[in-house]
Structure formats: structure tokens, C-alpha cells
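*Asks:* take this sequence and fold it.
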Amino acid sequence: MSPALLVIAHGSRDPRHAATVHALTGRVRALRPGLRVETAFLDFNTPSVGQALSSLYLSGVREVVALPLLLTRAFHAKSDIPAALAESTSRLPGLSVRVADVLGPSPLLLTALERRLTEAGLTPADRAGTAVVLASAGSTDPEAIAVIAETAREWRRTGWCAVRPAFASAALPRTEDAVRALRAEGFDRVAVAPYVIAPGRLPDRIAAGADAAGADVVADVLGAAPELARLLLRRFDAAATAPARLPALTA
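*Replies:* Take a look at the predicted model:
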């Protein structure tokens, strides 16, 4: 029996968040029939990580790949998720948990970002004349901030005339400031690409900042993009063949 996949999302009071996470895991199930895929949340939504693992255990599952639905390795990946998994394995004898890598960075994420910009109205011909703000949720973790900055640099090399990182919280610049800075540098067309998975308070802040600064194009969140579903399965496959390990996540 192959391991079950437990996707661990942040959670939100905004009902759009859980709905989007479930749509994404549903796409994963459709891509790989026969794989058991369950969802858990760190906060606000149910089931919790402990509840989801208990349910899997009671149904006879003894091997699980826990996959953080996160784009960078910040506090949740380094602390919250390992703690929740360690608590469950300590009380569920015989349960083996492998921890998958977070989603970013990955070329599939860049492809998903471009999908959302295309859906928002940009064409391949617009690439050379468009500056992009890569707007993430934000973090106080220097490693996470560095990954966002490097992602922006990598994306710039694909042909956009500029790509700049921005953050909805915890770090600077804010989305509106990045849009205005690009305008001040002479870029006529500025697009904002939210580098977040599901709707909620911080993505709404990104959109509001983009609108306030007069961005020409504002893309949707990554959501249940097919590229994300394929990326989840890549992370699952890599972890499923690795030795079981807790509590640390790999970089």
C-alpha cells in the first residue's frame, strides 16, 4: 500500500480559502486515482493535523506523506507543522510520517503565475513591455524573503522587462509601493501577480494595494492551477521514496 498524502494548509476565517484548498486537492485526486489524499489545517478550519492523522490511523493507514501547502520555508514549515506531526506520531504507535518539501521554488510555480496573468488579459507579446510585481504574503524569516527575491530574479530572466518582489505583511515593499516605484522608473504597463495559493485577508490586501496604485493588470491567486496539482504530486513522490523523518522539513 502506498502512503497516503496529507496536504497541510494554513487555514483562514475566509471560506474561500478552504474551498480553494479542497479544489486543489480534488485536482490532485483526479490526476492520480487510487492515491488517498486528505487535507488538514493549522488554524481556523478543520480537520486539524492531529484530527486528520487520527482519522487516517483509525482507517488502517500507517504510512503518510505530510505535504506543507506553503511556498517558502518560514515559521509554519519550520516549527508549527513539525510540532503537530511529532505530537501525533508520539500517540499513534506504528505511524510513519515522511515530510515533503514546501512547494517553492519551482518552475511549475512560475508557469502557474503566467497562467494567471494570461487569464487576466496579458499575452505573450506583452511580456517585453510589462513590469511585474511578484506579491507574496510576507514573512519575518530571512530565508523566506530571500527565496521570494530569487524567484523574482529567475522570473525576470524569462523575458519580462522587470519583476520586483513585494509583500502584504511583515516585510517591505508593499504591493502599492512596488507598483509606484516601477511607474517612477518609467514602466508604462505594470502587472501584479499574487504569489499566494488561496484567497484570504492578505491576498485581498495585495489586490487592494494594486488597485490603489493603479496597476494595469491584477492576476488571481494561484488557487487550483493544474501546475500546482502536478507540483504536489512531485513533492509527494520525492518524499514517498525518502527515509521517514521527523520533525525537520528538508530545504
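*Asks:* for Gly60, give its distance to Val28.
*Replies:* Gly60 sits 21 Å away from Val28, going by Cβ to Cβ, to the nearest Å. C-beta coordinates here come from the backbone N, C-alpha and C atoms, glycine included.
*Asks:* those two: which is more packed in?
*Replies:* Neighbours per residue (other Cβ atoms under 10 Å) separate Gly60 from Val28, with Val28 holding more: 22 against 7.
*Asks:* so what's Val7 up against?
*Replies:* Val21, Leu24, Thr25, Val28, Val37, Glu38, Thr39, Ala40, Leu67, Leu69, Leu232 (Cβ atoms under 8 Å, 6 or more residues apart in numbering).
*Asks:* as a markdown table, the residues you listed with distance to Ser54, secondary structure and pLDDT would be great.
*Replies:* Below are these laid out as a markdown table (distance: Cβ to Cβ, whole Å; DSSP: H, G, I helix; E, B strand; the rest coil; pLDDT from 0 to 100):
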| residue | distance to Ser54 | secondary structure | pLDDT |
| --- | --- | --- | --- |
| Val21 | 20 | helix | 98 |
| Leu24 | 23 | helix | 98 |
| Thr25 | 19 | helix | 98 |
| Val28 | 22 | helix | 98 |
| Val37 | 17 | strand | 98 |
| Glu38 | 11 | strand | 98 |
| Thr39 | 14 | strand | 98 |
| Ala40 | 10 | strand | 98 |
| Leu67 | 18 | strand | 98 |
| Leu69 | 20 | coil | 98 |
| Leu232 | 22 | helix | 98 |
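*Asks:* most surrounded residue in the residues you listed?
*Replies:* Neighbour counts for those peak at Leu67, which has 27 neighbours (criterion: other Cβ under 10 Å).
*Asks:* my guess is it contacts Ala9. True?
*Replies:* No. Under the criterion of Cβ atoms under 8 Å, Leu67 makes no contact with Ala9, lying 9.8 Å away.
*Asks:* can you give me the strands for the chain?
*Replies:* Secondary structure of the chain (DSSP state E): strands located at 4-9, 37-41, 63-68, 96-99, 130-136, 162-167, 189-195, 217-218.
*Asks:* distance between the last one and the chain's centre?
*Replies:* Distance of strand 217-218 from its chain centroid, counting by Cα atoms, centre = their mean, to the nearest Å, is 20 Å.
*Asks:* strand partners (parallel or antiparallel) of that strand?
*Replies:* Neighbouring strands of strand 217-218 in its sheet, by DSSP bridges, are strand 189-195 (parallel).
*Asks:* ok, the fourth one next?
*Replies:* For strand 96-99, the pairing partners within the sheet under DSSP bridges are strand 63-68 (parallel).
*Asks:* shaky segments in this protein?
*Replies:* For the chain, applying pLDDT under 70 flags the ranges 1, 243-251.
*Asks:* how about the helices in it?
*Replies:* For the chain, helices defined by DSSP state H occupy the ranges 15-31, 49-58, 75, 81-91, 107-119, 142-156, 175-184, 201-212, 226-240.
*Asks:* to Val97, which of those lies closest?
*Replies:* Of all those, it is helix 81-91 that lies closest to Val97, at 5.4 Å by Cβ to Cβ.
*Asks:* quick one: that closest one to chain centroid distance?
*Replies:* 22 Å.
*Asks:* wait, doesn't Leu231 sit right on Pro107?
*Replies:* No. If you go by Cβ under 8 Å, Leu231 and Pro107 don't touch, sitting 9.3 Å apart.
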